[in-house]
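>>> one predicted model, sequence on top.
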Amino acid sequence: MNQVITFSAELTADSASRTVSGKIVPLNVEAGSTNMGKVIFASGSINIADPKAIKLLSQHDVKKPLGRMVSFSESEDAINAVFSVSRSQRGTEALILAEEGLQSGLSIGAEVLKSTIKDGVTYVSAARLVEVSLVTEPAFKSAQVTDIAAEESDVEETIQPTESETAVENTTPAVEATPVEAPAVEAARPTVSAAYYTEPRIELTAAKYAENSIRAAMGDESARQYLLAADSTVNNPGLVPTRQLSEIINPLGTAIRPSIQAISTGVLPDAGMTFEIPKITAMPTVAETAQGNAFSDTDQTSDFLSVTVKKYAGQQTFSVELLDRTSPAFFDELVRNMAAAYAKATDAAVNAALISGATADATTTVTYPTAAELLGVVARGAASVYNATLGLPNPFARNMIVNTSQWSNIMTLNDAGRPIYTASQPQNAGGVAAPTALQGNVAGLNLYVTPNTAAGTDTDGSIIIVNPDAYTWYESPTYRLRAESTAAGQVTIGYYGYGAIATKVGAGAFKNNKA
């Protein structure tokens, strides 16, 4: 099936002729990271049959057209285009935002017709340009508006919406969405459109008020009017608007995946809900043999390690009014939070697999380990992992994964009151574990702190020592589905992906043992 991908590139805006222009897509170079991974468009890969049929939208919203393409040119390394902007109020606001650098990116939407994947990079050889959007911030720093052209009178006139503004283009099937093979990928960031003002607002500051009080006493009429307006603002709070900032406070979601970072990763096979990896189960032997005696004879045997593919999915259903009549930041924040929830679920799955497969320390600890006990866990774990993974290219334990409670304890460990793992003096330098970073070093092992699993406890597996080559996380791109129900007036957004954790050598991980 055809794939639709959107990502951002650089633009220019020109204020005299109501046009914006700039680079819409780089060619033959890495086009940033999207939900499909890294993408590269080849020269001649994007078909633009009729430039005038390509609309300029706001934030990829088909209900918010701004203009259309006038012309384009393709060089060896990029496609550049010029767009005329509608004389509607929305078009005028877009020019103002672009000129002030608030919406200064161009983002394309393209239907991918032919592509190949190599080393995790998608190489596109055939695609059709669907639309181009003006966005808050592009994924590429080179994708900025380079020229804005708007007539001087446009800012002062009251301009009625054109017919193009009221036309609604319905591109989404009603009632049900069928799964697609590839995601719709967006690189545009959230934006909140500001109200359109034709008259300056009053600057209410103590210094400005004092200055105008003096000028009014000296007979300045403008200053007197300022004081009247300021007094009216103070005495009539119902007339003072309450602004909402574009920033969003979200202390709940994080897309970090420390447990996955601490092991090896691979690309999920393109089909099937299971796959197999050949694994040696018995080695041939070589032994000292007396002259004339038979050779040591032990057959090498092998089997297949079967790995199960799991789906990780979530959705949210909301009204069309919430989508149409609220800030565009709502949808962008929703997708971002779905990605954070996906990251938490997959990291928790990998952490659980590590705890399940790891060898338990034969020495138990009653509570959070002391400095000496922690060094004992590291020493025993390093030896255990080495013995279990001798056949791997690198048989050493290299990483340590801890939960936030163990992280907190590690930062308290000291030598006669001198911190060991937040050390500043060379004689104390047993590693680094700082309260401002979830990565560090403990006794020569790379430290990874996961907030996604087993927080608040020192239970079995709250410390894991691992050879990253002993466990591999295989993952597909993430996908997004959108379904609209006309009868219910609702929109459903689904976010999902596939992953599989391969326990290649279970004893390649070692966990603490709580007594």
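Looks like it came in fine. Numbers count the residues shown, from 1 in each chain.
>>> in this structure, what spans have low per-residue confidence?
1-16, 30-37, 137-206, 227-241, 423-429 (pLDDT under 70).
>>> rerun that using 50 as the cut-off
Applying pLDDT under 50 to the chain flags the ranges 1-4, 35, 139-143, 151-200.
>>> for it, what spans make up the helices?
89-99, 163-166, 206-217, 221-235, 258-261, 320-324, 329-357, 371-388, 404-412 (DSSP state H).
>>> quick one: closest of those to G499.
helix 329-357 (5.5 Å; Cβ to Cβ). To be clear about C-beta, it is placed using only N, CA and C from the backbone, and glycine gets the same treatment.
>>> now the closest one: buried residues?
329-332, 334-351, 353-355, 357 (16 or more other Cβ atoms under 10 Å).
>>> off-centre distance for that helix?
Centre-to-centre, helix 329-357 and its host chain are 11 Å apart (Cα atoms, centre = their mean, to the nearest Å).
>>> just put the helices of the chain in TSV and tack on distance to V309.
Shown next, in TSV, are those (distance: least, Cβ to Cβ, whole Å):
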stretch	distance to V309
helix 89-99	44
helix 163-166	46
helix 206-217	64
helix 221-235	62
helix 258-261	16
helix 320-324	32
helix 329-357	12
helix 371-388	26
helix 404-412	30
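>>> out of those helices, which gets nearest to T298?
Between T298 and the helices of the chain, the shortest separation by Cβ to Cβ is 19.8 Å, and it involves helix 371-388.
>>> what's in contact with that closest one?
Residues from elsewhere that reach helix 371-388 (Cβ atoms under 8 Å, 6 or more residues apart in numbering): 359, 361-363, 365, 369, 395-397, 400, 410, 413-415, 420, 430, 442-445, 463, 465-467, 470, 505, 507-510, 512.
>>> buried ones among the residues you listed?
Burial by neighbour count, 16+ other Cβ under 10 Å: within these this picks out 359, 361, 365, 369, 395, 397, 400, 410, 413, 420, 430, 442-443, 445, 463, 465-467, 470, 505, 507-510, 512.
>>> thinking again about what came up before, just the ones of the contacts of helix 371-388 in strands?
Using DSSP state E, 359, 361-363, 365, 400, 414-415, 442, 445, 463, 465-466, 509-510, 512 are the members of the contacts of helix 371-388 that sit in strands.
>>> quick revisit: to D50, which of the helices of the chain lies closest?
helix 163-166 (16.8 Å).
>>> excluding chain neighbours, give the residue nearest to D460 in space.
Using Cβ to Cβ, 6 or more residues apart in numbering and skipping residues adjacent in sequence, the residue nearest D460 is K514, 5.3 Å away.
>>> ok, the residue lying closest to L413 once chain neighbours are set aside to E211 distance?
Among residues not flanking L413 along the chain, A371 sits closest, at 4.3 Å (Cβ to Cβ, 6+ apart). Distance, A371 to E211, using Cβ to Cβ, to the nearest Å: 63 Å.
>>> between these two, who's got more neighbours?
Shown here are A371 and E211; by other Cβ atoms under 10 Å, A371 has more neighbours (16 against 13).
>>> now stretch 51-65: buried residues?
Those would be 54-62, 64-65, for stretch 51-65 by 16+ other Cβ under 10 Å.
>>> report how far apart the opening and closing residues of it are.
End-to-end distance of stretch 51-65: 15 Å, with Cα to Cα, to the nearest Å as the criterion.
>>> and the residue nearest to D460, how many neighbours does it have?
Using other Cβ under 10 Å, K514 has 18 neighbouring residues.
>>> in contact with it, which residues are there?
364-366, 458-460, 462.
>>> from those residues, which would you call buried?
Buried subset of the contacts of K514 (neighbour count, 16+ other Cβ under 10 Å): 365, 458-460, 462.
>>> which of those lies closest to S302?
Nearest to S302 out of the buried ones among the contacts of K514 is D460 (Cβ to Cβ; 32.2 Å).
>>> hang on, the closest one packs against A515?
No: D460 is beyond contact range of A515, at 10.1 Å (criterion: Cβ atoms under 8 Å).
>>> quick revisit: Serialize the buried ones among the contacts of K514 to TSV and add fields for distance to S45.
Below are these laid out as TSV (distance: Cβ to Cβ, whole Å):
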residue	distance to S45
T365	59
D458	55
T459	53
D460	53
S462	50
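>>> which one of those is nearest A290?
Looking across the buried ones among the contacts of K514 and measuring by Cβ to Cβ, the closest to A290 is D460, at 49.2 Å.
>>> buried ones in stretch 101-112?
Using 16+ other Cβ under 10 Å as the test for burial, stretch 101-112 gives 103-110, 112.
>>> what distance separates stretch 349-369 from the centre of its chain?
31 Å.
>>> outline the domain layout of this structure.
Domain assignment for the chain, taken from automatic domain parsing, gives 3-166, 193-243, 258-287+296-351+476-503, 365-470+507-514.
>>> tell me which of those domains lies nearest to I249.
Across the domains of the chain, closest to I249 is domain 258-287+296-351+476-503 (Cβ to Cβ), at 10.6 Å.
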